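*Asks:* Any chance you can model this:
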Amino acid sequence: MQAVPEKPLLLIVDDDELIVDAMSYFLGTDFEVVVADSRHQAIRILRQGKHVNGAIIDLGLPPTPHRPDEGFALIRDILAHSPGTRIIVLSGQADEANARHARALGATEFIAKPANPEFLRNLLLRVLSFKDQVTVDDGGLIGKSPPMQQLRTQIRQFANSQFPVLIEGESGSGKELVAAALHQLSERSDKPYLALNCASIAPSLVEATLFGHGKGAFTGATTARSGYFEDAAGGTLFLDEIGELPMELQPKLLRVLENGEFQRVGETQTRQSSARVLAATNRDLRRESRDNTFRADLYHRLSVLSISVPRLRELGSDRLLLLEHFQNLYATQAGSAPIWLSGEAQRCFNDYPFPGNVRELRNIAIRLTAKFGGRQIERHELESELDIDNPVPDTQPTASVVAVTGEPKRQRTPEDWINVARAELENSSSFNLDDRLRQREAAYIEAAQRISGGNLSKAARLLGINRTTLYNRIDTLARIAGRKNQINEKPPQQPE
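*Replies:* Below is the predicted model:
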């Protein structure tokens with residue numbers, strides 16, 4: 001009997017029940033549909049371990065349905081859990097700035113509400129038909145710029161080392177490709193290569209997933225199962241989003257890194273692993289280790305060898321090589337001729353900073369191929385795909401300091417700042433530079449938000465940074481504050 005092919009898994013996130021019911025009905029024939037009405041519920045679904053092929057999400061989600069913040073954060077969450085997921089934003093907050101920023105964060109397409117269900121179905125099937133393929137030549141990395149040459153050199157130097165490698169870089173920069181290249185170019189290339197995204201699993205399941213569990217170790221454990229460290233055997237284990245690893249599990253990972261020893265959940269027998277560990281993060285783990293939100297000893301063990309993946313905006317003409325690669329790949333899959341850029345469009349392309357890195361460029365290639373396959377792309381057509389309202393400056397501008405009267409004040413010189421710092425240091429017995437810098441950063445962000453009336457695009461422009469960077473800094477400050485509160489919390493006293 002012929003097996004029935006599995007339907008692609010589609011996640012729909014919207015707090016409007018009528019819209020969710022209608023989309024589930026129309027799309028249920030072609031997709032296995034799961035639904036959520038909030039970002040947090042969507043994350044719980046993602047952590048069930050299923051691979052989500054596509055997602056349709058609204059920007060205006062609880063608890064701030066009239067602002068796009070939760071939707072933007074959800075795009076980042078989905079891609080952190082499942083980088084290959086194709087995301088379509090379906091939203092009533094459809095101004096061009098929101099559409100461009102959603103695409104820059106990694107959404108494949110943006111559609112304004114209301115949308116024809118048949119149009120959505122065809123769009124989903126089309127974007128899911130585009131498959132990413134990575135060649136193994138030269139580690140699967142494309143580019144000839146000095147940063148890419150340095151990256152290849154580091155990969156070749158570290159490939160056969162037995163030590164862990166910490167791969168650092170912005171979201172969408174291709175850290176998983178670097179990990180795959182380290183394995184492919186190593187003497188372990190004929191052995192297993194396993195990848196686990198630490199953000200994609202519920203914290204309570206991470207230990208059993210990594211180390212396995214014995215029979216009866218917990219409810220539902222009807223048989224014993226091995227974990228990733230056993231299954232990787234003498235090969236390579238890639239731990240993506242390592243910064244999401246629960247604090248209480250970090251000592252156990254440190255132990256297996258130091259001597260290869262671990263135990264399955266619910267067992268006392270000590271087992272050995274010879275797997276080499278690669279880890280990746282887009283967070284500043286050095287800073288988090290100083291803040292006690294990530295174990296310092298684990299950070300130092302993971303970062304014996306480290307690789308920093310360059311941002312796309314640092315790669316010069318490599319961007320055109322990547323565009324050529326993706327447009328040829330997707331044109332072949334779509335059965336059409338490749339697109340190409342006019343001279344003006346190419347100049348616009350070269351000037352764009354790509355805040356979403358290679359992932360953003362890939363999605364641009366998908367959209368251009370789907371809309372304009374086989375013809376030249378003009379500048380205005382390209383600009384409609386770019387987040388040009390939020391440029392990433394190469395240097396921080398120096399703003400004039402203006403008094404309430406409107407008269408410019410004398411800007412502080414470096415010597416002025418040194419005197420301020422000296423006074424603070426001499427009058428404080430417990431000065432902490434990291435805390436002071438975070439306080440200043442939080443104060444400037446809060447001031448910019450107040451001046452802009454809560455408009456984060458305007459706040460980012462006031463601060464001279466990209467809007468994506470502002471979102472990330474707000475999230476980081478909130479996460480650090482939350483973790484510190486957890487660490488400092490004392491258990492409630494029992495009533496006498």
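*Asks:* Please count neighbours and contacts with C-alpha atoms only from this point.
*Replies:* Noted.
*Asks:* Look through every helix and strand of the protein and give the one with the lowest mean pLDDT.
*Replies:* Ranking every helix and strand in the chain by mean pLDDT, DSSP states H and E puts helix 414-426 at the bottom, with a mean of 65.
*Asks:* Pull the contacting residues for Glu167.
*Replies:* Careful, residue 167 is Ile and not Glu. Lys175, Val178, Ala179, Leu278, Ala279, Ala280, Thr281, Ser306, Ile307, Ser308, Val309 (CA atoms under 8 Å, 6 or more residues apart in numbering).
*Asks:* Ok, Ala42 next?
*Replies:* For Ala42, the contact set (CA under 8 Å, 6+ apart) comprises Leu11, Val13, Val35, Ala36.
*Asks:* Among the residues you listed, which are located in strands?
*Replies:* Leu11, Val13, Val35, Ala36 (DSSP state E).
*Asks:* Pull out the buried members of those residues.
*Replies:* Leu11, Val13, Val35, Ala36 (16 or more other CA atoms under 10 Å).
*Asks:* Save the contacts of Ala42 as JSON lines, and put in pLDDT and distance to Val206 too.
*Replies:* Compiled in JSON lines, these are given as follows (pLDDT from 0 to 100; distance: CA to CA, whole Å):
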{"residue": "Leu11", "pLDDT": "95", "distance to Val206": "23"}
{"residue": "Val13", "pLDDT": "96", "distance to Val206": "25"}
{"residue": "Val35", "pLDDT": "95", "distance to Val206": "24"}
{"residue": "Ala36", "pLDDT": "94", "distance to Val206": "23"}
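*Asks:* Mind picking the two most distant members of those?
*Replies:* Leu11 and Ala36 (7.6 Å; CA to CA).
*Asks:* about what we covered before: can you tell me which of the buried ones among the ones in strands among the contacts of Ala42 is nearest Leu74?
*Replies:* Nearest member of these to Leu74, counting by CA to CA, is Val13, at 9.4 Å.
*Asks:* Return the distance of that closest one relative to Phe326.
*Replies:* 29 Å (CA to CA, to the nearest Å).
*Asks:* returning to that earlier point: quick check, nearest of the contacts of Ala42 to Ala97?
*Replies:* Val13 (21.0 Å).
*Asks:* from what I can see the closest one touches Ile56, true?
*Replies:* Yes - using CA atoms under 8 Å, Val13 is in contact with Ile56, at 6.3 Å.
*Asks:* follow-up on the earlier one: between the contacts of Ala42, which is closest to Thr270?
*Replies:* Nearest member of these to Thr270, counting by CA to CA, is Leu11, at 40.0 Å.
*Asks:* Give the closest residue to that closest one in space, chain neighbours not counted.
*Replies:* Take Leu11 and drop its neighbours on the chain: the residue closest to it by CA to CA, 6 or more residues apart in numbering is Ala55, 4.5 Å away.
*Asks:* can you check Ala459 too?
*Replies:* Nearest one to Ala459, counting by CA to CA, 6+ apart, is Ala448 at 4.8 Å.
*Asks:* try Arg39
*Replies:* Closest residue to Arg39 apart from its sequence neighbours, by CA to CA, 6+ apart: Leu74 at 5.9 Å.
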